[in-house]
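Peer 1: sharing a model prediction with you, sequence too.
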Amino acid sequence: METFFFGPPSRRLFGALDGPGRKARAGLVFCPPFGEEMITTYARLARWSKELAKLGFAVLRFHPYGTGESDGTFREFTIEGALRDTMTAMNCLRERTGVERAGFFGLRFGAFLAAQAAQAYPPDFLILWSPVTDTRQYFRDLLRMRLTAELVHLKADRVKVTTKSMISDFEAGRTVDNLGYEFSPALYRQMTAGPSWPQQPPCLKVLWLSRVSERTQLASLPNDWVDQGGNAQLEFLQELPFWEDFSSVFPAKFARASESWLAAS
Amino acid sequence: MAEQVSIPVDGWVLHGMVHVPQHASGKRVGVVLFHENFNSKFGTHRLFRDLGDQLAQGGFCALRYDDRGMCDSPGVCDLTIADRLADARGAVSFFRTQYKLDAVVGWGLCLGSSVALHTAAPGNPNEKLDGLILCCLLADPGIVSLPQFGYERVQVSKIAQEFFLRGNVLRKLWNAPKSMNSWMRKIGVLARRYLRPTPKELDRMKEVIGAVADLLVRYEGPSLMIYGDKDSYLTDWVERVNPGDKLGLKRKKMPPGWIVIKDGDHTFSSREKTEELFRLTLDWLGPFLAGHLPSSPKAASEGQQEDPVAQAV
């Protein structure tokens, strides 16, 4: 395993590369989830990355600008920037390992990034775990989390902020502190009116894994991908929403299904 | 800007980041940041990374690291509490010797605070900690049974409490025949969990956390305890671990400083609270740079308690 900084000096990104070096069967760029979900899943995705390395895959985990160990502050995090970083990471993986086949893997918002990056820069394959398909709704849910936290900790009459007031702040060009993460007006704009979920699979081979309970929420999106040909495989598994807490519970069902699919591809 | 370091411990290598001050003056003081349970060295809402930067700006060296086989440290390890303590000692020793430090202070959050206290127990002089900042100290062994620690166990008393004290019991009994299938499934799962033997690691963890209060009593250096008033760990400390100063911290030669941050939660999750936490940390650490020991902390704002711990409880 190797850890390093890469990318232009004005936008240094942190990366951790697991794998057998130049003998790798294929490469994967791990796109991390957003905000606190990146933190809650970090140890578990790192573990899966190391397990994939033992199976012969080269895996680059990277931190988008403004997150983790990468340079920048969280208020500088935007979808556009994170997409550029995702592609920089793919170039870095190919240069360092020389792999012929490489794909993106993403969890939650990371899966959204992976799908967007795949549209612009079609990889050989794409693995998505419980993707966020509607960033507008997702962003609203994030704002509501702050309200929920304040309602839990403070008495209701002391909660001064509302979703509306936070949106007003964004529209007035002010950042909003959401549980320690400073969301910028640019991020708000891109989350609410930015790129939409691709209508068709952005590359030839796609594995889409979601939890059984997500079936109704996703409506026909994954089936539309499957219907549109290519080799999009969709599975609903009995997995826990492991990104919601800090426990050590490993998403074994998602991991094993992905490994089998990778081995067969 | 932080530099990457590799810390060898017991045949493992820990990945760490060291923040070094650009303009150092006075004593060379290092702060080792001990993170919470299953977390990374940059921490929730990047708390540790930002604190490292702030400490370096304030003239301190700061070390953050991942435990063996976790996150960015190579290998895979089913981390035990003994591993965590060995890693902490290894990190302190590495930091003190490699960076030629005059003093090393431990700064921990939650389980990280407990690890810092164990590391501060007398041992090798290279591993000793010259001061401690303990945030949201985990000192109640009952807490480690919670699911976030990974050793979920069914406690009959908790289940009974849940059934009888939450919601309308009569309605639950009335509806029971209709939801019999669901109840049978739940009872089956609960019974299996109840009958499962207690993992040995949970017992070890409880033992280690149970020793924390005593270690604080015996610790002879300066220390500062910080809690958020919205953190349930504060209640645990005040009501279960040290009710009425039963530990006698007030009588210590050097009682711990005590600060409760108003509206602060378990991870100080707002920029305002985080900045307050950083400022309190830097204020308390300041005297170390001049070779002195810290005195009682200054209150940050109205509503904060700054009394020694025993007075506050």
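Peer 2: Structure's in. What do you need?
Peer 1: show me what contacts the residue in the stretch 101-250 of chain A positioned nearest to chain B?
Peer 2: Chain B sits closest to A:Gly180 of the stretch 101-250 of chain A, with a gap of 3.0 Å, by CB to the nearest CB. All C-beta spots, glycine's among them, are computed from the backbone N, C-alpha and C. For A:Gly180, the contacting residues are B:44-47, B:267-271, B:274, by CB atoms under 8 Å, 6 or more residues apart in numbering or on different chains.
Peer 1: 10 Å instead?
Peer 2: For A:Gly180, the contact set (CB atoms under 10 Å, 6 or more residues apart in numbering or on different chains) comprises A:35-36, A:74, A:146, B:43-47, B:50, B:265, B:267-274.
Peer 1: any of those residues buried? List them.
Peer 2: Neighbour-count burial (16 or more other CB atoms under 10 Å in any protein chain shown) applied to those gives A:35-36, A:74, A:146, B:43-47, B:50, B:265, B:267-271, B:273-274.
Peer 1: before we move on, back to that, separation between the residue of the stretch 101-250 of chain A closest to chain B and B:Arg46?
Peer 2: 8 Å (CB to CB, to the nearest Å).
Peer 1: all strands for the stretch 151-300 of chain B, in order.
Peer 2: For the stretch 151-300 of chain B, the strands defined by DSSP state E, counting those that start in this stretch occupy B:223-228, B:257-261.
Peer 1: go through the ones you listed and name the closest to chain A.
Peer 2: So among those, strand B:223-228 is nearest, using CB to the nearest CB, at 8.7 Å.
Peer 1: convert the closest one to PDB, retaining C-alpha atoms only.
Peer 2: These are the backbone C-alpha positions of strand B:223-228, laid out as PDB (Å, rounded to 0.1, in the frame of the first residue of the first chain):
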ATOM      1  CA  SER B 223      -5.100  17.800  32.600                       C
ATOM      2  CA  LEU B 224      -8.100  19.500  31.200                       C
ATOM      3  CA  MET B 225     -11.500  17.900  30.700                       C
ATOM      4  CA  ILE B 226     -13.900  19.300  28.100                       C
ATOM      5  CA  TYR B 227     -17.500  18.200  27.500                       C
ATOM      6  CA  GLY B 228     -20.400  19.600  25.500                       C
END
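Peer 1: partner strands of it and their direction?
Peer 2: Counting by DSSP bridges, the strands paired with strand B:223-228 are strand B:131-135 (parallel), strand B:257-261 (parallel).
Peer 1: give me the pLDDT for the residue nearest to B:Gly210 when sequence neighbours are not counted.
Peer 2: Leaving aside its chain neighbours, B:Gly210 sits nearest to B:Pro141 (4.3 Å; criterion: CB to CB, 6 or more residues apart in numbering or on different chains). B:Pro141 is assigned a predicted lDDT (pLDDT) of 89.
Peer 1: re the thing from before, ranking the strands of the stretch 151-300 of chain B by burial, who's on top?
Peer 2: Of the strands of the stretch 151-300 of chain B, the one with the most neighbours on average (mean count of other CB atoms under 10 Å in any protein chain shown) is strand B:223-228, at a mean of 26.
Peer 1: ok, back up a step: for the strands of the stretch 151-300 of chain B, give me a markdown table that also has mean pLDDT.
Peer 2: Output for the strands of the stretch 151-300 of chain B, formatted as a markdown table (pLDDT from 0 to 100):
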| stretch | mean pLDDT |
| --- | --- |
| strand B:223-228 | 97 |
| strand B:257-261 | 96 |
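Peer 1: so can I have JSON lines of those showing distance to B:Val241?
Peer 2: Output for the strands of the stretch 151-300 of chain B, formatted as JSON lines (distance: least, CB to CB, whole Å):
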{"stretch": "strand B:223-228", "distance to B:Val241": "11"}
{"stretch": "strand B:257-261", "distance to B:Val241": "13"}
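Peer 1: what about stretch A:142-151 and chain B, touching?
Peer 2: Yes. Applying CB under 10 Å from any CB of the partner chain, one finds stretch A:142-151 touching chain B at A:146, A:149-150.
Peer 1: residues in contact with the closest residue to B:Arg240 other than its chain neighbours?
Peer 2: Spatial nearest neighbour of B:Arg240, excluding adjacent residues (CB to CB, 6+ apart): B:Asp140 at 5.4 Å. Neighbouring residues of B:Asp140 by CB under 10 Å, 6+ apart: B:206, B:209-210, B:212-213, B:232-233, B:235-237, B:239-241.
Peer 1: if we go to 8 Å?
Peer 2: So B:Asp140 contacts B:209, B:233, B:236-237, B:240-241 (CB under 8 Å, 6+ apart).
Peer 1: weed out the non-buried ones from the residues you listed.
Peer 2: Counted by 16+ other CB under 10 Å, those give B:209, B:233, B:236-237, B:241 as buried.
Peer 1: buried residues in stretch B:35-44?
Peer 2: In stretch B:35-44, counting by 16+ other CB under 10 Å, buried: B:35-44.
Peer 1: check those and tell me the two furthest apart.
Peer 2: The two members of the buried residues of stretch B:35-44 with the most space between them (CB to CB) are B:Asn37 and B:Phe42, at 14.9 Å.
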